[in-house]
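Below are the sequence and a predicted model for it; my questions follow.
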Amino acid sequence: MRRLVVLRGLCAVLAALALTGCDPFLVGDDPPAATLKPVAGPGVRVAAEEYVVRTRIQGDRGYAAWITDAGVQVVGIDLATNTLAWSAHELGSAKEVTSLMALPDALVLTTHRFSRQDGSADGVVVLDPASGATRWMADYDSTTDGVTFYPDAVVLGSRKARTTRGLDWRTGATRWTIPDPATGKVRQLSVTTGEPSALVPDPLLYLVGDDRVLRSYDVRTGKATATVTLPGGFESPTVVGRTLVATRPSGDPGTQVMIADLDGARPPRSMHQIEGKRRVSVLAGCGAGRICLAEDGAGGVAELRAFDASSGQQLWRAQAPRDPHTSLAMAGDRVVYAGSVFAPDGRTLHRGADAADGTYSSLGRASDARLVGLSARIGRFPVSPVATEVAWVSPADGARRVLGSVSASPGSCSWSDRFLLCAGAESFGVYPLT
C-alpha cells in the first residue's frame with residue numbers, strides 16, 4: 001500500500017485565489033458517522049508514494065496532480081462514472097505541485113523545482129481540461145518574479161528580463177510587454193477580494209517600483225491607466241477591492257495599517273493599530289466596500305475585524321480559532337474564516353473549535369448556500385488515509401449536519417456542491433454529496 005503525505009496547510013495557495021476546497025482548521029472532534037458510499041465505477045489509481053496530491057473540481061470533471069519519480073502527473077476524472085477521462089505525463093520534473101486551478105476552459109498548475117546547478121525555479125503549465133493536452137508552459141522564479149491569473153491574460157513578471165508580460169491563455173504567446181522603469185525594478189501587487197474565484201476579477205494590473213510609484217495597467221491591452229506616488233514608509237502594499245492597504249511602523253514594536261485611494265484622490269488614512277509583535281495572518285475583501293483583517297491573538301485565538309474600505313472605520317470585531325494556514329472566503333454575504341461563519345454584522349453563526357495537535361480540519365465553500373467541513377485524527381505526523389468525517393455547514397445559520405465518513409488523505413480533498421474528491425490508499429475516492 002502506498003502512503004500519501006497529509007500536510008497541514010496543504011491548501012495554502014495565493015490567498016488571493018480563494019478556490020473551492022481546503023483551508024485547514026478544526027470543525028469538530030466527534031467520531032466519524034456511517035461510511036459514505038463512493039460513486040460506482042472502476043476508479044482511478046493514484047501512485048503518489050510519499051508525495052502531496054492536489055485535487056480540484058470543475059463541473060462534472062475532477063482533476064488531480066502530484067509528483068512521481070518520473071515527474072509531474074496529472075489526471076482528469078469523470079466524476080459521474082468514477083472513470084479516468086485522461087492522463088498527462090510529459091510535463092517535466094519538479095519537487096512539488098504548488099497549486100492547481102480548474103477553470104471552465106483551462107487547467108492550470110504551478111510547480112516548484114530545485115537543483116544545485118540551476119537553482120530554484122518554478123513553472124506554469126496550462127492544459128486543455130477536456131483532453132489533458134498541454135497548451136503551453138513557462139518558467140519563472142517565485143522568489144523574485146510574479147504570476148497572476150486574470151480572465152483576459154496570464155501576467156508573468158521577470159525581474160531578470162526586467163519586463164512584465166501578458167500571455168495568451170490558449171497559446172502562451174506574448175500579447176503585450178511592459179518594461180521596468182529606468183528608476184528600478186517593479187513587482188506585482190496581489191489583489192484580494194475574498195470571492196470564490198481562481199481569477200483576479202479586477203481588470204487592472206498594479207505594479208509598484210523601487211521609486212514608490214504605483215502604476216496601473218489595463219490587463220487587456222497592457223496600456224498604462226494611472227500612476228500614484230506612495231507615501232513614505234508604506235510597506236507590503238496590497239490591493240483589496242479598490243483600496244490600497246499597507247503597513248507602516250509606528251513605534252517599537254507596533255505597526256499601523258494604512259489605507260489609500262488607488263487614484264490618490266485623498267491622503268492616506270489609518271485603519272488599524274497593531275500592538276506589539278502580533279502578526280496579520282489574513283487581509284482580504286469581505287463584502288462590498290469592506291476589508292477584513294485577522295491578527296494573531298493570545299491563547300490560540302485570532303481576532304477578526306471588518307473595516308469600511310473608504311473611511312477605515314472599524315465595523316465589527318470577533319474572535320475565531322487561530323490558524324496561520326487558513327484564508328478568508330465569502331459565501332454570499334457571510335464571512336468564512338478559521339472554521340467559523342460570521343454574519344454581515346459580525347455575529348458568530350458557527351464557531352470553529354480550537355485547533356489541536358494531531359487533528360486535521362477544513363471548511364470551505366461549496367456554494368453560497370452550503371459549506372463542506374472535513375475533520376480527521378491524523379496523529380502527530382503525516383499518515384496514510386484515515387477516517388475523515390464529512391459534514392454540511394449552513395452559512396445562513398451555522399447549522400452543521402454530518403453526512404458520514406470516508407477513508408481518505410484529508411489534505412488532498414476538494415469538493416463542489418455535488419461531489420467530494422479525495423486521494424485514498426491506492427485510488428481516488430469520488431463521493432456524491434447530493
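Arrived safely. Numbering: from 1, shown residues only.

Tell me how far the residue at the greatest distance from the centre of the chain lies from Arg290.
Each residue of the chain has a distance to the centre, and by CA atoms, centre = their mean the biggest one is for Ala182: 33.6 Å. Taking CB to CB, to the nearest Å as the measure, Ala182 falls 38 Å from Arg290. Quick note: C-beta positions are derived from backbone N, CA and C, even for glycine.

Convert the longest strand belonging to the chain to PDB, retaining C-alpha atoms only.
Across the chain, the strand with the greatest residue count (assigned by DSSP state E) is strand 400-415. Coordinates of the C-alpha atoms in strand 400-415 are reproduced here as PDB (Å, rounded to 0.1, in the frame of the first residue of the first chain):
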ATOM      1  CA  ARG A 400     -24.000  21.500  10.900                       C
ATOM      2  CA  ARG A 401     -25.100  18.100   9.600                       C
ATOM      3  CA  VAL A 402     -22.800  15.100   9.400                       C
ATOM      4  CA  LEU A 403     -23.000  13.200   6.200                       C
ATOM      5  CA  GLY A 404     -20.700  10.300   7.100                       C
ATOM      6  CA  SER A 405     -17.100   9.400   6.900                       C
ATOM      7  CA  VAL A 406     -14.600   8.400   4.100                       C
ATOM      8  CA  SER A 407     -11.200   6.800   4.200                       C
ATOM      9  CA  ALA A 408      -9.000   9.500   2.600                       C
ATOM     10  CA  SER A 409      -5.900  11.600   2.800                       C
ATOM     11  CA  PRO A 410      -7.900  14.600   4.000                       C
ATOM     12  CA  GLY A 411      -5.500  17.300   2.900                       C
ATOM     13  CA  SER A 412      -5.900  16.100  -0.700                       C
ATOM     14  CA  CYS A 413      -9.700  16.600  -0.800                       C
ATOM     15  CA  SER A 414     -11.600  19.100  -2.800                       C
ATOM     16  CA  TRP A 415     -15.400  19.500  -3.300                       C
END
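
For Phe307, name its beta-bridge partners.
Ile291, Gln314 (DSSP bridges).

need the contact list for it.
259, 271-272, 290-293, 313-315 (CB atoms under 8 Å, 6 or more residues apart in numbering).

Tabulate those residues (JSON lines), appending pLDDT, neighbour count and distance to Gly166.
JSON lines is the format used below for the contacts of Phe307 (pLDDT from 0 to 100; neighbours: other CB atoms under 10 Å; distance: CB to CB, whole Å):
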{"residue": "Ile259", "pLDDT": "91", "neighbour count": "22", "distance to Gly166": "28"}
{"residue": "Met271", "pLDDT": "92", "neighbour count": "24", "distance to Gly166": "32"}
{"residue": "His272", "pLDDT": "91", "neighbour count": "19", "distance to Gly166": "35"}
{"residue": "Arg290", "pLDDT": "93", "neighbour count": "22", "distance to Gly166": "30"}
{"residue": "Ile291", "pLDDT": "94", "neighbour count": "28", "distance to Gly166": "28"}
{"residue": "Cys292", "pLDDT": "94", "neighbour count": "25", "distance to Gly166": "30"}
{"residue": "Leu293", "pLDDT": "92", "neighbour count": "24", "distance to Gly166": "31"}
{"residue": "Gln313", "pLDDT": "95", "neighbour count": "11", "distance to Gly166": "37"}
{"residue": "Gln314", "pLDDT": "96", "neighbour count": "14", "distance to Gly166": "38"}
{"residue": "Leu315", "pLDDT": "97", "neighbour count": "18", "distance to Gly166": "36"}
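
give me the number of residues near Ala399?
11 (other CB atoms under 10 Å).

Just list whatever residues bridge to the nearest residue to it once chain neighbours are set aside.
With sequence-adjacent residues excluded and distances taken as CB to CB, 6 or more residues apart in numbering, Ala399 is closest to Val393, at 7.3 Å. Under DSSP bridges, the beta-bridge partners of Val393 are Leu371, Arg400.

With Ser427 instead?
Arg45.

Was I right to think it contacts Gly41?
No. The criterion here is CB atoms under 8 Å, and Ser427 misses it with Gly41 at 10.3 Å.

pLDDT below threshold where in the stretch 201-350 of the chain?
The stretch 201-350 of the chain contains residues with pLDDT under 70 at 251-253, 298-299, 324-325.

again, only this time at 90
Where the stretch 201-350 of the chain drops to pLDDT under 90, the residues are 201-203, 208-213, 226-243, 246-256, 260-270, 273-285, 287-288, 295-302, 320-328, 338-339.

what about the strands in the stretch 301-434 of the chain?
Per DSSP state E, counting those that start in this stretch, the stretch 301-434 of the chain carries strands over the ranges 301-308, 314-321, 329-331, 334-337, 340-342, 348-350, 359-365, 371-377, 386-393, 400-415, 419-423, 428-432.

what does the fifth one contact?
Yep, that's strand 340-342 we're talking about. 304, 318, 320-321, 331, 334-336, 348-352, 371, 393, 395, 398.
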